[in-house]
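Novice: Build me a model from this:
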Amino acid sequence: MKIRTTTDQDSGVFVDTLHTAFGRFTETPDEDGGGLWWSALEMDRCLLAETDDGRPAGTAGAYSFELTLPGGAVVPASGVTCVGVVPSHRRQGVLSAMMRHQLAEIRQRGDFLSVLLASEAAIYRRFGYGPATYTRRLTVERHRAVFDPRVDGTDTGSLEIHRRAECGGLLEEIYDRYRRVQPGALSRPPLWWTRGAGHPPIARTPRHVAVHRDADGVPDGYAVYSINDSGVLTVDETIAADDAVFTALARLILGHDLVSEVVFRHVPAENPLRWQFTDFRAGQVGNESDWLWVRLLDIPRALTARGWLTDGELVLDVDDPFLGEHQRHLLTVRGGEATCVPTDRAPDLSLDISDLGSVYLGGTTPGTLVRAGRVQAHHPDATAHADALFHTARPPHCLHWF
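Specialist: Below is the predicted model of the structure:
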């Protein structure tokens with residue numbers, strides 16, 4: 001078995017192999033080469049596994065993203081994608097070999113973490129990834145969606161409606177401003193928008209777009225939506241600078257004529273919309289799921305890059321069985337900044353590298369993993385102290401699909 005980096009000339013065989021792994025067929029791109037989710041692949045970051053006689057057996061790729069951390073730092077992140085093994089070569093070590101090869105390349109390029117969206121949750125923990133952000137669907141019966149009188153309906157900004165084909169640049173501008181302040185958010189490289197590579201609103205699929213502007217006319221939010229023949233309005237994505245902007249967009253959407261139900265496809269668990277209705281049950285939560293998974297490759301760099309709200313010290317004993325590494329670190333936080341150095345001190349917590357990835361952005365508390373039996377706390381105060389230390393002012397959320 002050989003694993004090699006692909007070139008632009010390998011694009012066809014790479015995509016065909018990937019589709020074979022998932023039992024699908026390759027679609028035809030638009031005349032400009034775009035219009036498909038894989039049309040923004042970075043071929044110099046893709047891997048092809050080949051048998052000894054040159055037949056393709058598996059694929060793995062990576063995108064060059066930026067990830068926003070708690071505290072506002074924006075750091076490089078490799079977005080792992082297109083991972084698949086053709087059915088005839090499964091359970092022969094192909095996937096593990098590709099993952100090990102890819103992690104070595106990511107380290108070599110200087111990234112201290114990688115991220116992915118897991119098609120199957122049981123696969124990626126063994127490679128060191130842990131679920132770090134979560135999302136849910138909110139379905140609202142329109143006739144029951146009456147806002148409580150105490151909810152301020154005043155909006156000093158303005159709203160306007162566009163078609164997706166007319167406002168791609170505007171959406172790109174709003175999203176880029178949002179992702180730089182939202183922990184857990186990923187960048188969307190310009191090529192994605194140019195090629196229409198992804199889900200709406202990046203995709204060229206026809207959609208209506210509600211855009212919000214602040215009192216100075218600066219665009220600070222949008223909701224991308226469509227309505228089916230049954231009167232169900234589905235919001236693919238809502239971007240808002242703050243809760244007031246989200247509320248203004250939600251009021252517009254929920255006031256749409258000839259609509260019986262509104263589905264917000266991708267909202268964080270802490271979204272306050274249900275609490276704004278006089279009837280709390282007007283909004284029903286469903287499809288709760290993990291979203292972004294995080295894998296740390298340089299623990300000291302990762303822990304010192306993010307911001308912290310609470311001062312303190314924590315000794316973390318971290319096992320990384322996939323890469324054969326075991327490290328103990330002293331994390332010290334003072335004034336919102338951290339240092340992280342090797343130590344021989346007794347540990348406060350012992351945990352797997354995947355569990356450190358889960359708590360890294362603040363979307364999972366160490367205490368949850370202690371209660372689950374995944375993390376071992378070595379003294380009575382360790383759990384509460386770790387929870388306070390990893391707490392973030394703004395919960396992480398990721399909207400980007402890749």
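
Novice: Show me the strands in the stretch 101-250 of the chain, by range?
Specialist: Counting by DSSP state E, counting those that start in this stretch, the stretch 101-250 of the chain has these strands, from start to end: 113-117, 130-131, 134-141, 158-163, 208-213, 219-227, 232-240.

Novice: Those into JSON lines, with extra columns for distance to residue 89, mean pLDDT and mean neighbour count?
Specialist: C-beta: built from backbone N, CA, C; applies to glycine. What follows is the strands of the stretch 101-250 of the chain, written out as JSON lines (distance: least, CB to CB, whole Å; pLDDT from 0 to 100; neighbours: other CB atoms under 10 Å):
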{"stretch": "strand 113-117", "distance to residue 89": "21", "mean pLDDT": "98", "mean neighbour count": "23"}
{"stretch": "strand 130-131", "distance to residue 89": "27", "mean pLDDT": "98", "mean neighbour count": "23"}
{"stretch": "strand 134-141", "distance to residue 89": "33", "mean pLDDT": "98", "mean neighbour count": "18"}
{"stretch": "strand 158-163", "distance to residue 89": "45", "mean pLDDT": "98", "mean neighbour count": "14"}
{"stretch": "strand 208-213", "distance to residue 89": "44", "mean pLDDT": "98", "mean neighbour count": "20"}
{"stretch": "strand 219-227", "distance to residue 89": "39", "mean pLDDT": "98", "mean neighbour count": "22"}
{"stretch": "strand 232-240", "distance to residue 89": "36", "mean pLDDT": "98", "mean neighbour count": "21"}
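
Novice: what's the burial count for residue 70?
Specialist: As a burial measure, the neighbour count of residue 70 was computed by other CB atoms under 10 Å and equals 23.

Novice: helix or strand for it, which one?
Specialist: Under the criterion DSSP states H and E, no helix or strand holds residue 70.

Novice: Grab the nearest non-local neighbour of it.
Specialist: residue 392 (4.2 Å; CB to CB, 6 or more residues apart in numbering).

Novice: Doesn't that neighbour lie inside a strand?
Specialist: No. Counting by DSSP: H, G, I helix; E, B strand; the rest coil, residue 392 falls outside a strand, being coil.

Novice: check contacts around it.
Specialist: Contact partners of residue 392, counting by CB atoms under 8 Å, 6 or more residues apart in numbering, are 70, 183, 309, 361-362.

Novice: Please apply the same query to residue 3.
Specialist: The contact partners of residue 3, by CB under 8 Å, 6+ apart, come to 47-50, 97-98, 101.

Novice: Then residue 113?
Specialist: Per CB under 8 Å, 6+ apart, neighbours of residue 113: 67, 75, 77-78, 294-298, 302, 357, 360.

Novice: Out of these, which two sit at the greatest distance?
Specialist: With distance counted by CB to CB, no two of these lie farther apart than 78 and 360, which are 15.1 Å apart.
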